[in-house]
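[1] Build the 3D model from these lines:
(2 chains)
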Protein chains: 2
Amino acid sequence: MEFKFSEKVSHLQASAIREILKYSADPQVISFAAGSPAPEALPAKELEELSKELLAEEPSVAFQYGLTEGYTPLRDEVKKILKDRGVFNPEYDEVIITSGAQQANELSAKVLCNEGDVILAEKPSFIGSLNAFKSYRVDLKGVTLETDGVNIAELEEKLKEGGVKLVYLIPNFQNPTGNTMSWEKRKAAFELCKKYGAVILEDNPYGDLRFAGEDVKSIKTLDTEGSVIYSGTFSKILSPGIRVGYVCAHKDIVQKIVVCKQVADVHSTMWSQMLAYRFLKKYDLDEHLAKLRRVYEHKTNLMLSEIDKNFSSKITHTNPQGGLFIWCTLPEGVTTQQMVDFCTTAVKDYKVAIVPGTAFNINDDDESRSFRMNFSTPTDENIIKGCEILGKLSKEMFGE
Amino acid sequence: MEFKFSEKVSHLQASAIREILKYSADPQVISFAAGSPAPEALPAKELEELSKELLAEEPSVAFQYGLTEGYTPLRDEVKKILKDRGVFNPEYDEVIITSGAQQANELSAKVLCNEGDVILAEKPSFIGSLNAFKSYRVDLKGVTLETDGVNIAELEEKLKEGGVKLVYLIPNFQNPTGNTMSWEKRKAAFELCKKYGAVILEDNPYGDLRFAGEDVKSIKTLDTEGSVIYSGTFSKILSPGIRVGYVCAHKDIVQKIVVCKQVADVHSTMWSQMLAYRFLKKYDLDEHLAKLRRVYEHKTNLMLSEIDKNFSSKITHTNPQGGLFIWCTLPEGVTTQQMVDFCTTAVKDYKVAIVPGTAFNINDDDESRSFRMNFSTPTDENIIKGCEILGKLSKEMFGE
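    The predicted model follows:
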């Protein structure tokens, strides 16, 4: 039988990153392609212990159906944390637990956007969210991302063109670039979106992983009338495999997200939610985060110094103050095809996986001469080895 | 801020069942409204033990990201079971693990249907799937459900009208009616859908829970070219709280579902999938199912005899051979409003929760004088007590 697929999905392809992750299944491959937390940063022992407790004490809660809104004790705990950070306004905000932040971002687009509505996103941006938006046939447009956040003049220009329903931003240690949006730009973007009636979707998966520089407050802290949707996750600080994220937004928006989550997966896995809750109750979150930050600081510094030591001097890179990624850019004049060739040769012939910048493009035919490197997943030894290999290859292809 | 929601979701309301479930949170309420497995049928001790083992042995698999397609050992195990049942054709079928069967059904609609495409469903049918379909703005039409399955002449009539992309059927112990589709009607529906180029979505959450009568083979066993999507779940036989379901369909369809699941929630919770896998490996599934069937047979018979003993003789009911539900119908001439009043009075004044038939309507203004009763969740004692209360009320409202 020949299938006529929905126009929403007929052009969607599996994400290039997840395809490259399949290469990485080869144990010989050193992977800088993933976005997984450092194995040594996962509190696996603690989670194992908490799991034992919760299954012994509350099996009927863990194994039966739960509320779509989420496991109430976890929701309350998340609200408390967000309130402390100025991100939750008890007067009009609500919180719903989602199956990872991916679901948070997908459902935000689903509840707000008709086919053809415009969503603006940083150029480049996180492929998972971009594909989610595309799967609702929205008109996705990019705004150039600079070291300190989107170009504000260009943002206003695009907002002026009209039809913008949602502006998708990852202000902290952005994926893929590692860049952080300045407080000035956060304020400017917030004011502009308010002026033009667009909702901001602030995706903050990495905010807790700052190991350098000063904290910059969330855009959501500026929100006075519910025009910012904030999404967060336990994937990077506890475990991605448990799939627990959350959305904090105006009650009316959350209510619609609840209806859509009900038809998407009824509710998130109970065990996962109970595990996250028990972790928050038993352990000091700040202490835990401090430990994670030390791991990531060490790994970032190691990778940055190995890049500087080994790579062709013509390659530039970002200097992230947190998160999981470094963004490298090949010299001017290098074509998109040459960049892709570099990445392909690296994984196929030299067994080092990096993600070509094209994976984060807004439009399929956008140019890119960058690639993303992840420092959280590989061991120190492999960071050194992988950078040596990439360095040698980069010098061969682009000169000393 | 006033939000302009997507037209897809602006008319969607939280499901009436889940609203009634909130009433049921009152410990005084006897709930016949849920669709949860019997607490005594959940293998909680076994799952607790398996969880301990898997977290001790494979924490890095449980806590890190996994493949969107699902945990490979579980997928292989599901394929094996489905192949034994004639439901998986290794030549062209594939399997993907989903976050419950709800996600299986939602994503099937998403990958196949454009806005305005027609989906046919049994009238009445499972609200969760109906709402999922509506959330993609499809044109949902009902086909009258008889004791032995949909009215075949009416099905052909509706198919003839054109534009039908998907025909949604729950052949075994249907939700909400408990009815089973006969083998003759399965064959007829299959042939008709093939003739008119519509894909069948065969939802089979209850098929393993047959305690009376003869097994009827799945529609998917007739499939020779991949025109049937089959969805199943571990919710009713292991635990709904773990959220593990699956889809078996033609490779091309599964490939699209994979892309859509990637943007929906990346992958299902790893622990849940590993738990289901270890259960299948360690325990004899047939033995486990035999145990469940004894529990459900006892509970159904108890509820049926209590209905016969207590209810107004003018109320008719189905006699399910499996599953979780009995469907009761008030005498002819009773209006939809009177039926709703009966259900509302029952829960508000007499603390017994049942689900009004309107919750399962295809269109909001369809009539109904039926209600759904669940026998798996309440204790024996509460089945007796609840039926006495409902019986008294029914006689008051509709005569002896």
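
[2] where does chain A have low pLDDT?
    A:14-22, A:24 (pLDDT under 70).

[3] ok, how many other residues are close to A:E388?
    15 (other Cβ atoms under 10 Å in any protein chain shown). To be clear about C-beta, it is placed using only N, CA and C from the backbone, and glycine gets the same treatment.

[4] List phi and psi for it.
    phi -60, psi -50 (degrees, to the nearest 10).

[5] Now do the contacts for it.
    A:E306, A:N310 (Cβ atoms under 8 Å, 6 or more residues apart in numbering or on different chains).

[6] what about it, distance to A:F311?
    To A:F311, A:E388 is 10 Å away according to Cβ to Cβ, to the nearest Å.

[7] right, is the longest helix along chain A up against chain B?
    In terms of residue count, the longest helix belonging to chain A (DSSP state H) is helix A:285-310. No - Helix A:285-310 stays clear of chain B (Cβ under 8 Å from any Cβ of the partner chain), getting no nearer than 14.0 Å.

[8] next one: stretch A:247-261
    Yes - residues of stretch A:247-261 contacting chain B under Cβ under 8 Å from any Cβ: A:H250, A:D252, A:I253, A:Q255, A:K256, A:V258, A:V259, A:C260.

[9] picking up where we left off before, so which elements touch the longest helix of chain A?
    Packing contacts for helix A:285-310, counted by 3 or more Cβ pairs under 8 Å, 6 or more residues apart in numbering or on different chains; DSSP states H and E, involve strand A:325-329, helix A:380-398.

[10] As JSON lines, those with distance to B:K110 would be great.
    Converted to JSON lines, these look like this (distance: least, Cβ to Cβ, whole Å):
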{"stretch": "strand A:325-329", "distance to B:K110": "30"}
{"stretch": "helix A:380-398", "distance to B:K110": "38"}
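
[11] okay, these, which one's buried deepest?
    Across the helices and strands packed on helix A:285-310, averaging neighbours per residue (mean count of other Cβ atoms under 10 Å in any protein chain shown) puts strand A:325-329 on top, at a mean of 21.

[12] contact partners of that strand?
    Outside strand A:325-329, the residues touching it (Cβ under 8 Å, 6+ apart) are A:35, A:173, A:175-179, A:300, A:303-304, A:307, A:311, A:315-318, A:320, A:357, A:369-375.

[13] Given that strand, what are its sheet partners and their directions?
    In the sheet, strand A:325-329 lines up against strand A:316-317 (antiparallel), strand A:370-374 (antiparallel) (DSSP bridges).

[14] Minimum distance to B:R186: which of the ones you listed has it?
    strand A:370-374 (50.0 Å; Cβ to Cβ).

[15] Relative to the whole chain's centre, how far out is that closest one?
    Offset of strand A:370-374 from its chain centre (Cα atoms, centre = their mean, to the nearest Å): 14 Å.

[16] which residues are in contact with it?
    Contacts of strand A:370-374 (Cβ under 8 Å, 6+ apart): A:31-36, A:124, A:175-176, A:303, A:307, A:324-330, A:339, A:342-343, A:354-357, A:359-360.

[17] repeat for stretch A:48-63
    The contact list for stretch A:48-63, computed with Cβ under 8 Å, 6+ apart, reads A:71, A:270-271, A:274-275, A:278-279, A:282, B:39, B:42, B:44-45, B:47-48, B:51-52, B:55-56, B:59, B:239-242, B:271.

[18] Off-centre distance for that stretch?
    Worked out by Cα atoms, centre = their mean, stretch A:48-63 lies 30 Å from the chain centre.

[19] And for stretch A:112-125?
    With Cα atoms, centre = their mean, you get 16 Å for stretch A:112-125.

[20] Compute the first-to-last residue distance for it.
    20 Å (Cα to Cα, to the nearest Å).

[21] show me where chain A has helices.
    Using DSSP H, helices in chain A cover A:16-24, A:44-57, A:59-63, A:72-84, A:100-112, A:127-134, A:152-160, A:183-195, A:251-265, A:270-282, A:285-310, A:336-349, A:380-398.

[22] for the longest one, which positions count as buried?
    The one in question is helix A:285-310. By neighbour count on 16 or more other Cβ atoms under 10 Å in any protein chain shown, the buried set for helix A:285-310 is A:288, A:292-293, A:295-297, A:299-300, A:302-304, A:306-307, A:310.

[23] so what's A:A189 up against?
    A:G149, A:V150, A:I152, A:L155, A:V167, A:L169, A:M181, A:I200, A:I219.

[24] how many other residues sit next to the nearest residue to the fifth one once chain neighbours are set aside?
    Leaving aside its chain neighbours, A:V167 sits nearest to A:L120 (4.7 Å; criterion: Cβ to Cβ, 6 or more residues apart in numbering or on different chains). By the other Cβ under 10 Å criterion, the neighbourhood of A:L120 contains 28 residues.

[25] Same question for A:E214.
    There are 8 residues near A:E214, going by other Cβ under 10 Å.

[26] and if you look at A:S182?
    Using other Cβ under 10 Å: A:S182 sits among 15 other residues.

[27] how close does it sit to A:I152?
    Taking Cβ to Cβ, one finds A:S182 at 10 Å from A:I152.
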